[in-house]
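K.L.:
Quick one, fold the following:
(one chain, ligands or ions: 2)
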Amino acid sequence: MTDPTCPFCRIAAGSLPADLVATDESWVAFRDLHPQAPVHVLVVPRRHLASAVDLEADPALAGALLAAVVRVARREGLEERGYRVVTNVGREGGQTVAHLHFHLLGGRPCRWPPG
Ligand code: 5GP
Ligand code: ZN
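P.N.:
Residues are numbered from 1 along each chain as shown. Ligands and ions are numbered 1, 2, ... in the order given. Below is the predicted model of the structure:
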């Protein structure tokens, strides 16, 4: 359930400091250590899941996480301007932390296509 070597499990458990912006029974939201936009928040499940691939088995959690992203975006004042939601999957997807997370990026215009 929880991997003591996983940084996001440790943040969810409170054993690794993070700038928390919101929490719930199934997820936590905190600011990215290396922000790529004025607002860069990560929304992660408390339960250790490797990536979005694991959400296929838990659509209720998938919905809760996306609803959390939308709620945090509104609280961060991004609703009018718009924002980007990203989840990187695997090596070629650019995933560097093997605990499912949604990036919420906002506060600047986002280019398309992404790199
Ligand atoms: P990925 O590349 O896996 O999609 O995104 C991982 C993100 O986690 C990166 O944007 C990175 O800056 C962030 N990150 C990695 N380790 C930590 C940490 O210990 N604390 C916080 N707040 N963010 C982290
Ligand atoms: Zn984890």
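K.L.:
Following the top strand by length along the chain in sequence, what is the next regular element?
P.N.:
Secondary structure of the chain per DSSP state E: the longest strand is strand 39-45. Per DSSP states H and E, the first helix or strand lying C-terminal to strand 39-45 is helix 59-75.
K.L.:
which bits of this structure sit near ligand 2?
P.N.:
Residues of the chain found near ligand 2 (C-beta under 5 Å from the ion) are Asp3, Cys6, Phe8, Cys9, His48, His99. In short, each C-beta sits where N, CA and C put it, glycine included.
K.L.:
Select only the buried ones of these in ChimeraX?
P.N.:
To isolate the buried ones among the residues of the chain next to ligand 2 in ChimeraX, judged by 16 or more other C-beta atoms under 10 Å, type:
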select :6,8,9,48,99
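K.L.:
Taking the residues of the chain next to ligand 2 together, which two end up most distant?
P.N.:
Asp3 and Phe8 (8.9 Å; C-beta to C-beta).
K.L.:
Contacts for stretch 66-83 next, please.
P.N.:
Stretch 66-83 has contacts (C-beta atoms under 8 Å, 6 or more residues apart in numbering) with 21-22, 24, 27, 29, 39, 41, 43, 85, 102, 104-107, 110.
K.L.:
Filter these down to the ones in strands?
P.N.:
Using DSSP E, the contacts of stretch 66-83 in strands are Val21, Ala22, Trp27, Ala29, Val39, Val41, Val43, Val85, Phe102, Leu104, Leu105, Gly106.
K.L.:
What number of residues are in the vicinity of the fourth one?
P.N.:
I take that to be Ala29. Using other C-beta atoms under 10 Å, Ala29 has 25 neighbouring residues.
K.L.:
so Leu20 bridges to which residues?
P.N.:
Beta-bridge partners for Leu20, by DSSP bridges, are Phe30.
K.L.:
do the same with Leu105
P.N.:
Residues in beta-bridge contact with Leu105 (DSSP bridges): His40, Arg84.
K.L.:
so what's it up against?
P.N.:
Per C-beta under 8 Å, 6+ apart, neighbours of Leu105: Gln36, Ala37, Val39, His40, Tyr83, Arg84, Val85, Val86.
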